[in-house]
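**Student:** Sharing a model that was predicted from the sequence below.
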Amino acid sequence: MTQTKLESKVLSVLEDKIELIKTNKGAIYLVGPIQLPVNLYGETIEFQWYCWLNCEEVTENYEKIIEKLSSVNLAELQQSSVLSYGDFSYGDDAIIRMHSICHTGDIFGSKRCDCGYQLKQSMKMIVDHGTGALFYLANHEGRGIGLFSKAMAYILQENGYDTVDANESLGFVDDSRNYDDAILVLKTLRSKPVTLMTNNPKKLKALKDAGLEVSERKPLWGDVSEFNENYLETKIKRSGHLEEEETCSND
Ligand SMILES: Nc1nc2c(ncn2[C@@H]2O[C@H](COP(=O)(O)OP(=O)(O)OP(=O)(O)O)[C@@H](O)[C@H]2O)c(=O)[nH]1
């Protein structure tokens, strides 16, 4: 597609739904909220959906950004998004999840990990809680190694390596995920404390280091089977994932 001049109606409809968030590498353009009715365990639940795009260009002239979209092959890249539920900006008590994309677990329902279970269960916990958000982090595949390298890591795991050794044997660190952009989006959407659903202390630390108040952590274990028991055990023994529920201090 070629770059075209926008109709004024298109611009006026879209620009109210775009927010600029400055980063140290440029900007995040956050678009939303968009109504998203979701089929969650057979029930239709109304979420609010936002998506964001990272750009080096920083401008409040959104026309410049929108006009470029058709000439940049965004489908070849990954964009992250967030589903919010209830009064996420102002509700006193909100529960959130920073979910790292897992093509095999989230989409195919692979039982080699617990990701698909965690995704659905966290959405259910948000709805049960009444207010919350699920951040779906699209640049986190394979703990940051990407899908193709994860396939390689799986082959190594079929040959006796655990998750950590497999990543490291391919020249990666065990976990290279970064939460900075998601945290900036979270801060834009909400300033009050949050409860975090995770077993991973690094996610807690990332939020606290960014000055966010995390009032509580909710663990998210489940869907244990013969296919993922070694993977789950490696998370606790080697990656430092936490087993028990606990209240977080904010120091
Ligand atoms: N490299 C690698 N990544 C995996 C494997 N299985 C799942 N993943 C990825 O691991 C990420 C999820 O990380 P986990 O360690 O399961 O969990 P976490 O996100 O650190 O912590 P929780 O918040 O408790 O889920 C996703 O990006 C998955 O794609 C694997 O065998 N090897």
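**Tutor:** Now that the structure is in, tell me what you want to look at. Numbering: from 1, shown residues only.

**Student:** Which stretches in this protein count as helices?
**Tutor:** In the chain, the helices defined using DSSP state H lie at 8-15, 62-68, 115-129, 141-144, 147-157, 163-169, 180-189, 201-209, 229-237.

**Student:** what does the stretch 151-251 of the chain put close to the ligand?
**Tutor:** 153, 157, 163, 167, 198-200, 203, 220, 231, 235, 241 (CB under 6 Å from any ligand atom). Placement of C-beta: from N, CA and C, glycine included.

**Student:** Pull the contacting residues for residue 111.
**Tutor:** 223, 225, 227-228 (CB atoms under 8 Å, 6 or more residues apart in numbering).

**Student:** How about it: what's its closest non-neighbour residue?
**Tutor:** Spatially, and ignoring its direct neighbours in sequence, residue 111 is nearest to residue 227 (4.1 Å; CB to CB, 6 or more residues apart in numbering).

**Student:** Could you count how many residues lie near the one you found?
**Tutor:** 12 (other CB atoms under 10 Å).

**Student:** Same check on residue 105?
**Tutor:** Residue 105 - counted by other CB under 10 Å - has 21 other residues nearby.

**Student:** how about it, what does it touch?
**Tutor:** Contacts of residue 105 (CB under 8 Å, 6+ apart): 112-117, 119.

**Student:** how close does it get to the ligand?
**Tutor:** 6 Å (CB to the nearest ligand atom, to the nearest Å).

**Student:** Show me which residues of the stretch 1-150 of the chain are close to the ligand?
**Tutor:** Counting by CB under 6 Å from any ligand atom, the stretch 1-150 of the chain sits next to the ligand at 100-102, 113, 115, 118, 140-143, 145, 150.

**Student:** export those residues to TSV and tack on neighbour count and pLDDT?
**Tutor:** Below are those laid out as TSV (neighbours: other CB atoms under 10 Å; pLDDT from 0 to 100):
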residue	neighbour count	pLDDT
100	25	98
101	19	98
102	23	98
113	20	95
115	21	97
118	24	97
140	23	97
141	20	97
142	27	95
143	21	94
145	22	96
150	23	97
